[in-house]
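Asker: take a look and give me a structure for this.
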Amino acid sequence: MSSSSNSVAEDRAGGDDSNLWRVIDRDNVHGLNLAVPEDAKEVIKPWDKREDTAKFADSNVDDQVIIHVPFSQNVRLRSVLLKLGRGESAPNRLQIYANHPNIVDFTEAETTTAHLDISLLQGESTVVEYPLKVAAFASINSVSLFFSESVGGDLSRIYYIGFKGDIRELKKDKNTPMDVPAANAADALLFDRLQDKASGQQTTAR
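Answerer: Residues are numbered from 1 along each chain as shown. Presented below is the predicted three-dimensional model:
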């Protein structure tokens, strides 16, 4: 009973199939104004590493940071999961830009209307889930997260970034039972038609 209860609690917290870590294109995650640019990838962790504080990303010359996160498939986002620095390194504000892969500097970010502007909770030591407006994030291939306004004004620290939602292309994949090279596409279509015809005949016979 206790293990089952723990499992349910973990699912509600983000450890279930709605966690989108598996479809984040981690190799192409990148950040702006990071003390170590490669650390943008380090904060994209699997759910069981969410409380790990050994790896994190710090801002560089000031408290503003942009983390760009692409997905390998279109997704519908329901929430963003964050573990952030505490005290003076805690950012107060998060602006989220959806499907803007070409935000290359902070001037552009500040002149582009964010899909969502969030006031971040302070003093939290664990992962916090921030619900999103699902209608605004219904078909997403990338998000840019703009953290700013840290308590101390000089440094923003990020330990973990995750997302919950749905993968949008699974049903399409089920309708395509086999992946074939372009040269064999015609043969595959013919095979599918023969299958459909055969199943139709069985239905008619019954």
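Asker: can you say which helix or strand has Lys41 in it?
Answerer: Using DSSP states H and E, the element containing Lys41 is helix 39-42.
Asker: cool, Ser79 as well?
Answerer: Residue-wise, Ser79 maps onto strand 65-84 under DSSP H and E.
Asker: right, and the helix or strand after that strand?
Answerer: Heading C-terminal from strand 65-84, the first helix or strand you meet, by DSSP H and E, is strand 91-98.
Asker: related to what we said a few turns ago, buried ones in the strand holding Ser79?
Answerer: Going by neighbour count (16 or more other C-beta atoms under 10 Å), the buried part of strand 65-84 is 65-84. Heads up, the C-betas are built off the backbone N, CA and C, glycines and all.
Asker: let me see the ranges of the strands in this structure.
Answerer: In chain order, the chain shows strands spanning 30-32, 57-58, 65-84, 91-98, 116-119, 128-131, 140-150, 157-167, with DSSP state E as the criterion.
Asker: among those, which comes closest to Lys41?
Answerer: Between Lys41 and the strands of the chain, the shortest gap by C-beta to C-beta is with strand 30-32, which sits at 8.0 Å.
Asker: show me what that closest one is packed up against.
Answerer: Counting contacts by 3 or more C-beta pairs under 8 Å, 6 or more residues apart in numbering; DSSP states H and E, the secondary-structure elements packed against strand 30-32 are helix 39-42, strand 65-84.
Asker: okay, those in CSV with distance to Pro101 next?
Answerer: Putting these into CSV (distance: least, C-beta to C-beta, whole Å) gives the following:
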stretch, distance to Pro101
helix 39-42, 14
strand 65-84, 7
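Asker: columns mean pLDDT on top of the ones you listed, output as TSV?
Answerer: Supplementary listing: the helices and strands packed on strand 30-32 in TSV, determined by pLDDT from 0 to 100:
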stretch	mean pLDDT
helix 39-42	97
strand 65-84	97
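Asker: and those: which comes nearest Gln122?
Answerer: Closest approach to Gln122 among the helices and strands packed on strand 30-32 is made by strand 65-84 (9.0 Å; C-beta to C-beta).
Asker: roughly how far is that closest one from the heart of the chain?
Answerer: When distances are taken as C-alpha atoms, centre = their mean, to the nearest Å, strand 65-84 is centred 3 Å away from the chain's centroid.
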